[in-house]
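Chemist: would you be able to build a 3D model of this:
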Amino acid sequence: MVIDDEVATIGTTNIVVRSFSLNFEINALVYVEAIAIECRKLFELDQEGSFEITPELYEQRGKWTKVREAVSRLISPIL
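Modeler: I've put the predicted structure just below:
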C-alpha cells in the first residue's frame with residue numbers, strides 16, 4: 001500500500017486475526033518518499049500485465065484447476 005507517494009507498507013500481512021496471531025506475518029512501514037514512489041511504480045507495472053477475471057472466464061477453468069482449488073480449500077486450515 002502506498003499513501004500519497006510518501007509512505008508505503010510492504011509485507012505479507014492480511015488484516016485478519018489469523019495473520020497476526022497464527023501466521024506470524026509482518027509488514028514494514030516505510031517513510032521514505034523515494035521508496036514509496038518506487039512501490040507505486042511497481043504496482044502500476046503489475047497492473048499493466050493484469051486482466052479482469054469475469055464470471056464467464058472463471059467458468060472456463062479446466063477440470064484439473066478446479067480439483068487443485070478444491071484440494072487447496074480443503075487443506076487451507078492446516079497450512
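Chemist: now the strands: where do they sit in this structure?
Modeler: 2-3, 7-11, 27-30 (DSSP state E).
Chemist: which positions in the longest helix seen in the chain come out as buried?
Modeler: In the chain, assigned by DSSP state H, the helix with the most residues is helix 33-48. If you call a residue buried by 16 or more other Cβ atoms under 10 Å, then helix 33-48 has these buried ones: 35-36, 39-40. Using the backbone N, CA and C atoms, a C-beta is placed for each residue, glycine as well.
Chemist: looking at those, which is nearest residue 51?
Modeler: residue 40 (20.5 Å; Cβ to Cβ).
Chemist: picking that back up, could you dump the strands of the chain to JSON lines with distance to residue 46, mean neighbour count and mean pLDDT?
Modeler: Converted to JSON lines, the strands of the chain look like this (distance: least, Cβ to Cβ, whole Å; neighbours: other Cβ atoms under 10 Å; pLDDT from 0 to 100):
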{"stretch": "strand 2-3", "distance to residue 46": "13", "mean neighbour count": "14", "mean pLDDT": "94"}
{"stretch": "strand 7-11", "distance to residue 46": "14", "mean neighbour count": "16", "mean pLDDT": "93"}
{"stretch": "strand 27-30", "distance to residue 46": "18", "mean neighbour count": "12", "mean pLDDT": "92"}
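Chemist: make a markdown table out of these and add distance to residue 53.
Modeler: What follows is the strands of the chain, written out as a markdown table (distance: least, Cβ to Cβ, whole Å):
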| stretch | distance to residue 53 |
| --- | --- |
| strand 2-3 | 24 |
| strand 7-11 | 25 |
| strand 27-30 | 26 |
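Chemist: what's the closest non-adjacent residue to the spatially most central residue of the chain?
Modeler: The chain has residue 12 as the residue nearest its centroid, 7.7 Å off, counting by Cα atoms, centre = their mean. The shortest distance from residue 12 to any non-neighbouring residue, by Cβ to Cβ, 6 or more residues apart in numbering, is to residue 25 (4.7 Å).
Chemist: and that neighbour, how far from residue 33?
Modeler: According to Cβ to Cβ, to the nearest Å, residue 25 stands 26 Å off from residue 33.
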